[in-house]
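> What follows is a predicted protein model with its sequence.
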Amino acid sequence: MSPRRTDTGGRIDRLKTIRFSFDGVAYTGHAGDTLASALLAKGVTLFGRSFKYHRPRGLLTAGVEEPNALVTVLKGEVREPNIPATMVEIHDGLVAISQNRFPSLAWDIHAVNQLGGKILSAGFYYKTFMGPVIGPLKGTRFWMFCEHFIRRAAGLGSAGSAKDPAHYERMNAFCDVLVVGSGPAGLMAAKAAADQGARVMLADLEPRFGGSTNWSNETIDGAPAADWARRTVTQLEGRDNVRLLPRTTVWGYYDNNTLAALERVSDHKEQPAKGEPRHRYWAIRARSVVLATGAFERPLVFPGNDRPGVMLAHAAERYANEFGVLPGERIALFTNNDSAYRAAIALKKAGAAIVAIADVRSELSPEMRKLATEAEAEIFAGHAVVATEGGKALSGVKVQRFDMVTGALTGDERSIHADCLLMSGGWSPTIHLASQAGAKAEWNAARQAFLPPKPAQQWIGAGAFTGSFSTAEAIAEGRAAGLAAAGGTSTPAALPTVEAVHGDPDPAPVFEIRAKGKSFVDFQHDVTAEDVRLAHREGFVSVEHLKRYTTLGMATDQGKSSNVPGLAIMAEALGKPIPEVGTTRFRPPFAPVSIGSLAAERFGDLKPERLTPMHDWHVANGATMYSAGLWYRPMIYGLSGETIEQAYVREAKATRESAGIVDVSTLGKIAVQGPDAAAFLDRVYTNMFSTLAVGKARYGLMLREDGFAFDDGTTWRLGEQDFLMTTTTANAGKVMQHLEYFLDVIWPDLKVHVTSVTDEWAGAAIGGPKARQILAACVTGTAVDNATLPFMGIVHGQIAGVPVMICRLSFSGEMAFEVYSGAGHGIHVWEALIEAGKPFGLVAYGLEALGTMRIEKGHVTGAEIDGRTTARDLHLDWMLSKKKPFIGSAMMDREGLIASDRLELVGLIALDNRPLNGGAHIVEALDETNPHGSIGHITACCYSPALGKHIALALVQAGKARHGTRAHVSDPLRNRFGPVEIVSNHFYDPEGTRMHG
Amino acid sequence: MLITCPYCGPRDVIEFTYQGDGNRERPDPASQNFEAWNAYVYDRLNPAGDHNEIWQHSGGCRAHLRVVRNTLTHEISSVAFVRGDHASAARRKAEDKA
Amino acid sequence: MAERQSPLEPEFHVGSHGNFEHGVEILLTETRPGSIVQLAAWPGEEKKLIAAIRTVTGLALPDGAGGGSSDGVKSVFGFAPGKFTVADEAEGLAAAFAKAVTPAIGTVTDLSHGRTAIRIAGPKAEWVLAKFFAIDFALPAFPVGAGRSTAHHDVFAQIQRTGADQFDIYVFRSFARSFWKALCHASEEVGYEVQ
Amino acid sequence: MMAEYSAFSLLANALKGNKDWKPAWRKPDPKASYDVIIIGGGGHGLATAYYLAKEHGITNVAVLEKGWLGSGNVGRNTTAVRSNYLLPANTRFYEHSMKLWEGLSHELNYNVMFSQRGCLNLAHTPAQFDDYARRGNAMRHLGVDAELMTPAQIKRLIPALDISSDARFPVVGGLMQRRAGTARHDAVAWGYARGADRRGVDIIENCEVTGFLRDGDRVIGVTTSRGDIRARKVAVAVAGSTGRVMRLAGVETMPIESHVLQAFVTESLKPFIDTVVTFGMGHFYMSQSDKGGLVYGGDIDGYNSYAQRGNLPIVDEVMSEMLALFPGLARVRMLRSWGGVCDMSMDGSPIITTGPLPGMYLNCGWCYGGFKATPASGWTFAWTIAKDEPHDFNAPFTLDRFHRGLVIDDKGQGANPRLH
């Protein structure tokens, strides 16, 4: 039998045995156990090591606020570090290991840090490691040398780099009432709201609904509270307007009642079902929220309060009643309030001996005295625990007479033999979500706790969350909250009756017992009461300074138990009331959230792939695909053994010699329709479009409002009121929004509709001396000769039986045509063109060859229209109409935009006949050892088959005036230096005779 | 954060594109008043409190909305089409009744 | 005329997938309408446009933003103020509307190739769609016939509810294959069949 | 004079039970007047006070802080320090800052934990790699360190990074600045505060400026929640609240929008990544703190806000991008998030200038870049206040550059603050 497992009781399934391992040791537990309860049942007391001093630590809590018992869960190579053992449900095959210890949990070499105790006080790092002023360790080196070791000593668990094979999902949910917490208040609220017909969601971070009913010894309506809870849950389960979410932590309260929750869907299973996610991230838009999140018990601060075996009182109650595990055989209690007496009774009933109850209060109520007697405990009223004894497990405690008002300890210490000490320092309502929702918590002197603020969003509180700690109050408030949240009115029906131990909800205002030895406030980060006082001495007295200077509350438990005791100690040092020290504003998340859940369906699928109609053809025909924004485009169609350069040179050469075809479906295409379409285009382009004839296209340039160049492209007039605008691939979305903005916001009187038709059309650009012959061979229904289809003309016809629209325009500088067809026919037309081109030596070419030919022609793209260049910089000032205002026209002549030293577009020819690099800079005089004096940079470069030279486009200061002069490329990053000649950007056929035919 | 689009109803902020300060006035296109142009392009009221701003429902109906939102609390007090479309507001009401 | 190529083709695997051993709760298919047309009215001309829609399709639009209807062959719904999407199994809808919607009423934009229509049906259709779109799919909030414009990150979508458990999703053609894959993936846990 | 901090003083104090440590800075009441008032007790205001005292001998200075010292962005950032900018004005300024960082712990006798662990910008397409080459070469031509890295070199540096070629956005290379790194953010505020205090500067917390005292146009002091305070010069260094404070001086509009920027930290982990890394196909940056938490962030939320509180879309986006680079982190957990309010200027670059009113000096518009700028911002602002003219380093960062078209637009996004 397990040494600590009770014979009966608990909500575990004793018939189901589960096998798991911890630190390589095989254990068994029962279905319904957490890793914490299962190990505790086997007599394990040592669960972890603290962050700074590596002190041995046991379980402090039984829930999400656990600071000590952090483990790493292993799934093969995939690691999940820093998980509280209290939140891990065991399953067959579970593998967990302890962390932050070397070589083992029992013998940890870093525990030597404890010897440095006083030196390693708060703020220690700021005061040393500055290093010598001179020598090899000056500057930052000494610190970085020390940091190397500090980093290795710090940190808790390890993350892995193996990809998590699990998948994660997001759910968007809408409801009338979201109830957070399923204790008596939450259950009542959910039921009341559901009865009103509201769409209800009920979330609880535990696997079992019911909250405290799972471990209180109370009865509701005459039955054990847990039975009442189970009955209520069953009723809710049967309703289709209710969604129940167990294992779901509501962790964020965002604007407009948007809440974020994490459902641990399959962590508790050995294997998830097919397609089942590991975690599901619920984004919940709730009309109203009922916060029934309960309260956290606080530890007391006294020397040795961190020794394994020292535990919160209610946690022990939970282990006994919910899991059937006794945390000790001889249990002592230390409290400042009545709630611990309930724990004493529970543990007594479960079979432990209650050896002592030390209560800081000298006056105890008769009820509490009665309970203590019932528990057969020796009462030490007006006493405090001043020390604990033992190593990796508790062996005893010392108590001494304590004056609550002065804090003085008097009389002899008395030793009590105990293997477990339960402490209760009062309760802090779990107000995190309310605080996140945007209001400041309010201190309640009676409860010695921060209570929820007045709602800044649509929520209603109920139960312990509001400071109402009794179950009867929780039930009443829960129902009222549920009704109100659903917009219903109170019903006269009787509330369930509760049979419970009555206690005073108000604790004595005692947080710390000042005696010799380390008293921990923040257990995980090893922040002691002395550290808080040191922060005070050094002036770090506001709550935020306290946190930041001492790291109090910054650990994985986020100060759930340490926050108020820390504030109280600072308040005492300052001689001020607690609320004047400040209140911490809680921020999301309430409890740590897996990053996988937040990425959700985008884990492994960050961005959709955008594919052209011809995509599969490109891939099948050997294209190397290039990701351009979300699109994939062919970079080259390499033949076997070809380098990238060989491939694009071959493709470009073939195009200039015979013909080439390229997929241009990615160009942004916008239908601009309506009676004012032409007038609108006159306003958005720098040049005129109202004068464009139907059936013709024109190249256009757009500026931003601030006068800088924005985008370019051709726009085709398909009808009097019907234009097809093309944009660059990269700017398609931005241009669309730009047009919509002006139509909706600035010129609502214009009758123009704009629609994205990028995906409607497949586009193939076919160019080269043979291009027209190829078209003539496959186009029917129209001629394509110069008279029918002049430069910038548009015709309609068919290819292989499907309608096409052909515009004669050229980016390559060759006689070229863009052939547009319905996207669903794109591949059909493309293959027909390829087939027709076979006798003419037609090649498919990719972005590299496209880029090469555009560099040869000196056309600009996004590399030159980079958001900092003007039309003049790019020698496009001929497009700036003087006849009309246009977007940007008022701002384009400001002094900064016409300065003489601006970067201007030029061409470069490598005089050393070696390849150039994109991003290389240009200098007048070369200095390889100490590069300086940049006058510009290369925006694009290639080997030009047409020129037989390595050439580039560049932006160079006052570049136009430098034509014909020599300069140098200076590329220290790639150690490429050499002479270049600065020339016009129009390298190839500047008169355009080839494309005009 | 939710913005109640007059056409689509309440939608998550992720569906919207922020288009900034709605108080700016674009000068007449032919205006040579550079002060006014500069103010329009560069100067912002940036209040701590209610802010009159423009959002596009880019992941929805793509209409531009005039939104009054408190920059201290993110509370939205009004939303309307920038383009005064009374007809659709009326439709919305009709739908609410139905 | 040549048959139109579906953008989904290499990823369109007819049959049952995912956790189907426990029952198929999702049916996925591509409806491949012959025509998809966008109609947009000038301010104040909306009633005339709605009349034109009725003339051409025989479908009456219910009042209200996002209102729509479907007869199984033709479908129409509003997706923005004064703007409607109309789909028809047959081709040639744009040409029909070009006659009915005069320039004084508004504009007609043919999107037959540019949008891909994916149908999701079954008892878990709402559940699966809620994984992608932050809109309320519950029947009272999203009645049969109605349309919605929404987006999943970069993927813009128009969704029409064409049955209590059935939705038609219109996405940009270039995104369709990626979206389809994601939709299949999201349907795995409930078991799905591609038809 | 306070004790120097050192290993020796730590030991000596520890032996005395740490009872003798003195406050890091005094908590004086405000005087009736000062030579210089600095509004804003954040990193920049405190650094300005420090350099006014140290470099210019101006010690009759008050720093007025509305809340607790360092409560603004100096304590709400992701602690990266770098000078890897594209445009010369920015590179020169941030490189000056880098040089000050390199000696800062010594100079302040306060360990700000500046760790030059390098900052790596990942490139995901050849075009982007060329862009980074342009930037790196620009840096090299100004004497700033920069180097390009191959995927194999990157993998050695960051083993957990996914560099597989079938990734949605494969890593094709990166731009590395080795001298870049991280610092302990709060320590910077505290170190400057202590340094300024030791030189006689009055640091006055919980002192909210409620208005400006004027003599005609001229600013001659401030009204505060702790009374009127006069000064020959009033300097404003309240990035995040610039709009609010300038409005008190009657300046109704500014080329600035306030936006909220969220940041995140994971639970503490053993060393996972030894450098600062940024993602090129979105907006994501990450480093690891000495305590072990991964500190990371992404874009601003993208709407005007003074709320120090963001919303979910950015949270989701940042985590998605994080896992695109580090798929092993899916089971690691985000521990905390917070929001800082950024002054997003119209070109993405800051403003450090005299004016705009006589007697006033303005330091604002820091966008994402404020933390790393802290030393140079304080140094140049102190110069500007002391000499009534800018230093060469901040001469380009005028307020009138927008209207004149002399914008310093590193991202090329124009007057669209949410995109800078």
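Yep, it's here.
> Would you mind checking the average pLDDT for stretch A:960-978?
The pLDDT scores in stretch A:960-978 average 97.
> Same question for stretch C:49-58.
For stretch C:49-58, mean pLDDT is 96.
> quick one: contacts of it?
The contact list for stretch C:49-58, computed with Cβ atoms under 8 Å, 6 or more residues apart in numbering or on different chains, reads C:39-41, C:59-61, C:71, C:74, C:76, C:82, C:84, C:86, C:88, C:93, C:96-97, C:100-101, C:105-106. For every residue, glycine as well, the C-beta is placed using N, CA and C.
> how far out from the middle of the chain is that stretch?
Centroid displacement of stretch C:49-58 relative to its chain, using Cα atoms, centre = their mean, to the nearest Å, is 18 Å.
> and that stretch, which residues are buried?
Burial within stretch C:49-58, assessed by neighbour count using 16 or more other Cβ atoms under 10 Å in any protein chain shown, is assigned to C:L49, C:I50, C:A52, C:I53, C:V56, C:T57.
> Give me the nearest residue to A:T8, chain neighbours excluded.
Residue nearest to A:T8 in three dimensions, not counting chain neighbours: A:G324, with 7.3 Å by Cβ to Cβ, 6 or more residues apart in numbering or on different chains.
> Close to chain B: what parts of the stretch 251-400 of chain A are there?
The stretch 251-400 of chain A has residues A:Y254, A:D255, A:N256, A:N257, A:T258, A:A283, A:R285 near chain B, with proximity defined as Cβ under 8 Å from any Cβ of the partner chain.
> so how far is A:R170 from the third one?
From A:N256 across to A:R170, the span is 18 Å (Cβ to Cβ, to the nearest Å).
> What of the fourth one?
Here the criterion is Cβ to Cβ. By it, A:N257 lies 18 Å from A:R170.
> Comparing the two, which shows the higher neighbour count?
A:R170 (24 against 18; other Cβ atoms under 10 Å in any protein chain shown).
> pretty sure the more buried one contacts C:K131?
Yes - using Cβ atoms under 8 Å, A:R170 is in contact with C:K131, at 6.1 Å.
> domain assignment for chain A?
Segmentation of chain A into domains, based on automatic domain parsing, reads A:166-298+A:427-496, A:615-666+A:761-853, A:668-756, A:900-997.
> before we move on, the earlier item: mark which of the residues of the stretch 251-400 of chain A next to chain B are part of strands, please.
Secondary structure from DSSP state E places A:Y254, A:T258, A:A283, A:R285 of these in strands.
> Please identify which of those residues is nearest to A:I357.
When those are compared for distance to A:I357 (Cβ to Cβ), A:Y254 wins out at 44.2 Å.
> Looking at the stretch 51-200 of chain A, which residue is nearest chain B?
Proximity to chain B, evaluated over the stretch 51-200 of chain A using Cβ to the nearest Cβ, is greatest for A:N172 at 7.9 Å.
> Just the C-alpha atoms of whatever helix or strand that residue lives in, please, in CSV.
Assessed by DSSP states H and E, A:N172 sits inside strand A:168-180. Presented in CSV, the C-alpha positions along strand A:168-180 are these (Å, rounded to 0.1, in the frame of the first residue of the first chain):
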residue,chain,number,x,y,z
TYR,A,168,-3.1,23.4,-31.8
GLU,A,169,-6.4,25.0,-32.7
ARG,A,170,-8.2,28.2,-32.2
MET,A,171,-11.9,28.5,-31.7
ASN,A,172,-13.9,31.6,-32.0
ALA,A,173,-16.9,31.5,-29.7
PHE,A,174,-19.8,33.8,-29.0
CYS,A,175,-22.0,33.6,-26.0
ASP,A,176,-24.4,35.6,-23.8
VAL,A,177,-22.8,34.6,-20.5
LEU,A,178,-19.3,33.3,-19.9
VAL,A,179,-18.9,31.9,-16.4
VAL,A,180,-15.3,31.6,-15.2
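> Please state the mean pLDDT value computed over it.
The model assigns strand A:168-180 a mean pLDDT of 98.
> again with stretch A:653-672
98.
> Do any residues in that stretch lie close to chain B?
No - between stretch A:653-672 and chain B, judged by Cβ under 8 Å from any Cβ, nothing touches; the nearest distance is 12.6 Å.
> hmm, that stretch in reach of chain D?
No - Stretch A:653-672 does not reach chain D (Cβ under 8 Å from any Cβ); its nearest approach is 14.3 Å.
> where does the nearest residue to A:Y845 once chain neighbours are set aside land in three-state SS?
Leaving aside its chain neighbours, A:Y845 sits nearest to A:E651 (3.7 Å; criterion: Cβ to Cβ, 6+ apart). Three-state assignment for A:E651 (DSSP: H, G, I helix; E, B strand; the rest coil): helix.
> pLDDT at B:S88, what is it?
Per-residue confidence (pLDDT) for B:S88: 47.
> Would you mind listing the residues in contact with residue 129?
You didn't pick a chain, so chain A it is. Contact analysis of A:F129 by Cβ under 8 Å, 6+ apart lists A:F142, A:W143, A:C146, A:E147, D:A7, D:S105, D:N111, D:M113.
> Chain D is the one I meant
A:G918, A:G919, D:A123, D:L148, D:V172, D:G173.
> and if we set it to 6 Å?
Residues near D:F129 by Cβ atoms under 6 Å, 6 or more residues apart in numbering or on different chains: D:A123, D:V172, D:G173.
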